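*Asks:* model the structure of this input:
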Amino acid sequence: MGMDKALLLINGISGQIRRLHLILNIEISTLCSHAAGTILNWSHWEEAGVDMFSSPEKH
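*Replies:* The predicted model follows:
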């Protein structure tokens, strides 16, 4: 295989990886913001005196 073909192959693969990386970054940042929102909501509920671990019947 000539150098040109090898370079084309490498460029193609790195392009695919870059695309995947962008998609994964979006997924990860979405997950992180969901997690952050959940944690913030959780601390808010705890401050309000709601026990997240107790069963609903107790309220």
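
*Asks:* need the helices for this protein, in chain order.
*Replies:* Secondary structure of the chain (DSSP state H): helices at 3-47.

*Asks:* where in it is pLDDT low?
*Replies:* In the predicted model of the chain, residues 1, 50-59 satisfy pLDDT under 70.

*Asks:* switch the cut-off to 80
*Replies:* Within the chain, the stretches with pLDDT under 80 are 1, 39, 41-59.

*Asks:* look up how far residue 4 lies from the most centrally placed residue in it.
*Replies:* Centroid-nearest residue in the chain: residue 28, 1.8 Å away (criterion: C-alpha atoms, centre = their mean). To residue 4, residue 28 is 36 Å away according to C-beta to C-beta, to the nearest Å. Heads up, the C-betas are built off the backbone N, CA and C, glycines and all.

*Asks:* over to residue 48?
*Replies:* From residue 48 to residue 4 the distance is 66 Å (C-beta to C-beta).

*Asks:* same question, residue 40
*Replies:* 53 Å.

*Asks:* enumerate every residue touching residue 15.
*Replies:* Shown in contact with residue 15 (C-beta atoms under 8 Å, 6 or more residues apart in numbering): no residues.

*Asks:* would you mind measuring from it to residue 36?
*Replies:* 32 Å.

*Asks:* what about residue 8, neighbour count?
*Replies:* By the criterion of other C-beta atoms under 10 Å, residue 8 has 11 neighbours.

*Asks:* nope, residue 38 is what I was after
*Replies:* 10.

*Asks:* over to residue 13?
*Replies:* Residue 13, neighbours per other C-beta under 10 Å, totals 10.

*Asks:* how far away is it from residue 3?
*Replies:* 16 Å.

*Asks:* try residue 15
*Replies:* 18 Å.

*Asks:* swap in residue 35?
*Replies:* 46 Å.

*Asks:* when those two are compared, which one has more neighbours?
*Replies:* residue 35 (10 against 7).

*Asks:* for that one, give its distance to residue 21.
*Replies:* With C-beta to C-beta as the criterion, residue 35 and residue 21 are 20 Å apart.

*Asks:* one more: residue 44?
*Replies:* Here the distance between residue 44 and residue 21 works out to 34 Å (C-beta to C-beta).
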